[in-house]
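**Q** task: produce atomic coordinates for the following.
(4 chains)
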2 protein chains.
Amino acid sequence: MPLLMLKDLPRYECLLEAVRHHPDLDPSACEAYLNLLRAGDEAYSRSEAFLGEHDMSPGRFTVLMLLYDKLSGMPRDQTPADLADKAGVTRATMTGLVDTLERDGLVTRQHDPHDRRMMLIQLTPKGHSTLEAILPGHFQQMAAQMAPLSEQERKTLVRLLNKIAGQTRALEPVEASPAAAS
Amino acid sequence: MPLLMLKDLPRYECLLEAVRHHPDLDPSACEAYLNLLRAGDEAYSRSEAFLGEHDMSPGRFTVLMLLYDKLSGMPRDQTPADLADKAGVTRATMTGLVDTLERDGLVTRQHDPHDRRMMLIQLTPKGHSTLEAILPGHFQQMAAQMAPLSEQERKTLVRLLNKIAGQTRALEPVEASPAAAS
DNA sequence: ATCTGATGATTAGCCTCCTAACTACACGGC
DNA sequence: GCCGTGTAGTTAGGAGGCTAATCATCAGAT
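**A** As a prediction, the model looks like this:
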């Protein structure tokens, strides 16, 4: 998410000042929200840059991880629909990701023998070794970014983030006012 | 940041298991990292959906906010370069954002009388009223998403997120190994 | 046996952002 | 006064996501 947050967040005094004109503004909520977006964006951008050094995009990396068995314990091949669902993208997007991975020889596509509508995607040896070449650095990136936090602080952070994520999902139906439904 | 994180994050036991194969994996760091990305992404997506109802994108909204004086206390017009810098996008991207906003009549472009290289972007009355129509709902969105957190928890969250963001910026030069510099 | 509806994958076209190349203008040395 | 250098803004082209429409296949009803 490259945008919506400013490079320099407004100071808290400015938020307090702004409440006078905008009674709906909750200063502490706004501050927490903006900091969440910024921290998430910076962490994401950094991983994206790291993956980019290995000719890898976040999307393609996610697909390889889903096909990689050592972490998840599910060694079998998966369909594009499964992968799209787990990765949180549309099937159309997954088609494009698999196209690129197949072109680079990291995965193969095969028809499911029992249902010819479905494809089975599997990791090639090259895909496997490519992933294992990237993973140590990826894990080190995560560890380095979280290094300033103690174990206790990490647990607290996860707890607070889960409260927010749960709330966000609970609110989900965002379409209330048919304002610009064109 | 639509991708890189899974819809369902791996359980903590799986991470502990995975350490056996990947000594670089720090389970608590990984868990905190994945939760940060997911919470940030969900909050962002929700705001994006809300803005979309008003024919507004995060980028265009950010530009309007930067030109809006009541929050920042800087009433004067700004150049595209300023705006790009504050919004954290390239100047080329800012050109596109201003193009759209100008087409919709929300901002105007004028040449700086003292330096004809520069443009001055200013909010039109229509831009002003459009923004003020969106802001209350936007602030309510933020408040609703942060509602489960107490004031104390919000302060803790901001403190922890700032530690991470500071660390991420400190690590910044990500290009260490010329692996796939093609 | 065939038609109908559902499901999986793909294609086509759009939006937003990016980098890189280009144009227009300002300023300082000669 | 002219020319090279630097700066502001724009244009052109690419990557990655999305939605909507299309094609292929299966499964069940007639």
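**Q** quick check: what element follows the worst-scoring helix or strand of chain A on mean pLDDT along the chain?
**A** Lowest mean confidence among the helices and strands of chain A (mean pLDDT, DSSP states H and E): helix A:69-72, at a mean of 59. Sequence order places helix A:80-87 as the next helix or strand after helix A:69-72, per DSSP states H and E.
**Q** what angle sits between the helix or strand in which A:Gly96 is found and helix A:80-87?
**A** Assigned by DSSP H and E, A:Gly96 belongs to helix A:91-103. Angle, helix A:91-103 to helix A:80-87, by axes from the mean of the first three to the mean of the last three Cα atoms, to 10 degrees: 110 degrees.
**Q** got the residues of chain A near DNA strand D?
**A** A:57-60, A:88-90, A:92-93, A:96-97, A:100, A:115-117 (Cβ under 7 Å from any atom of the strand). The C-beta positions use only the backbone N, C-alpha and C, and glycine is treated the same way.
**Q** let's see that with 6 Å instead.
**A** A:57-59, A:89-90, A:92-93, A:97, A:115-117 (Cβ under 6 Å from any atom of the strand).
**Q** max pairwise distance over those: which two?
**A** The span of the residues of chain A next to DNA strand D, defined through Cβ to Cβ, is set by A:Pro58 and A:Arg116 at 31.5 Å.
**Q** out of these two, which sits in the busier spot?
**A** Legend: neighbour count by other Cβ atoms under 10 Å in any protein chain shown for A:Pro58 and A:Arg116, higher for A:Pro58 (19 against 8).
**Q** nearest to DNA strand D within chain A, name that residue for me.
**A** Nearest to DNA strand D in chain A, going by Cβ to the nearest atom of the strand, is A:Gly59, at a distance of 2.6 Å.
**Q** sec struct for that residue, please.
**A** For A:Gly59, the assignment made with DSSP: H, G, I helix; E, B strand; the rest coil gives helix.
**Q** quick check: it touching A:Val89?
**A** Yes: if you go by Cβ atoms under 8 Å, A:Gly59 and A:Val89 touch, sitting 7.0 Å apart.
**Q** where does the most far-flung residue of chain A relative to its centre fall, phi/psi-wise?
**A** What lies farthest from the middle of chain A is A:Arg20; by Cα atoms, centre = their mean that is 36.7 Å. When read as degrees, to the nearest 10, the backbone of A:Arg20 gives phi -60, psi -40.
**Q** over to A:Asp115?
**A** With angles defined as degrees, to the nearest 10, A:Asp115 sits at phi -150, psi 100.
**Q** so what's it up against?
**A** A:Asp115 makes contact with no residue, according to Cβ atoms under 8 Å, 6 or more residues apart in numbering or on different chains.
**Q** quick one: it and A:Thr79, what's the gap?
**A** The spacing between A:Asp115 and A:Thr79, counted by Cβ to Cβ, to the nearest Å, is 9 Å.
**Q** OK, contacts around A:Lys163?
**A** B:148-149, B:153.
**Q** residues near the closest residue to A:Ala144 other than its chain neighbours, how many?
**A** Leaving aside its chain neighbours, A:Ala144 sits nearest to B:Leu171 (5.8 Å; criterion: Cβ to Cβ, 6 or more residues apart in numbering or on different chains). By other Cβ under 10 Å, the residues close to B:Leu171 number 13.
**Q** residues contacting B:Leu171?
**A** Counting by Cβ under 8 Å, 6+ apart, B:Leu171 has contacts A:46, A:144-145.
**Q** show me the strands in chain A, by range?
**A** A:107-111, A:119-123 (DSSP state E).
**Q** and these, which is most packed in?
**A** Highest mean neighbour count of these: strand A:119-123, a mean of 18 (counted as mean count of other Cβ atoms under 10 Å in any protein chain shown).
**Q** packing partners for it?
**A** The contact analysis (3 or more Cβ pairs under 8 Å, 6 or more residues apart in numbering or on different chains; DSSP states H and E) places strand A:119-123 against helix A:58-67, helix A:80-87, strand A:107-111.
**Q** now that strand: average pLDDT?
**A** The average pLDDT for strand A:119-123 rounds to 91.
**Q** ok, it near DNA strand C or not?
**A** Yes: legend: contact between strand A:119-123 and DNA strand C by Cβ under 6 Å from any atom of the strand is shown at A:Met119.
**Q** what sits up against that strand?
**A** A:63-64, A:67-68, A:77-80, A:83, A:98, A:106-112, A:131.
**Q** in ChimeraX, how would I select the buried members of the residues you listed?
**A** Applying 16 or more other Cβ atoms under 10 Å in any protein chain shown to those leaves a buried subset, and the ChimeraX line that selects it is:
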select /A:63,64,67,68,77,78,79,80,83,98,106,107,108,131
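**Q** which members of the contacts of strand A:119-123 additionally contact DNA strand C?
**A** Answer for the contacts of strand A:119-123 near DNA strand C (Cβ under 6 Å from any atom of the strand): A:79-80, A:98, A:109.
**Q** now those residues in JSON lines, with distance to A:Ala29 and pLDDT?
**A** Formatted as JSON lines, these follow (distance: Cβ to Cβ, whole Å; pLDDT from 0 to 100):
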{"residue": "A:Thr79", "distance to A:Ala29": "41", "pLDDT": "89"}
{"residue": "A:Pro80", "distance to A:Ala29": "39", "pLDDT": "90"}
{"residue": "A:Val98", "distance to A:Ala29": "40", "pLDDT": "92"}
{"residue": "A:Arg109", "distance to A:Ala29": "47", "pLDDT": "91"}
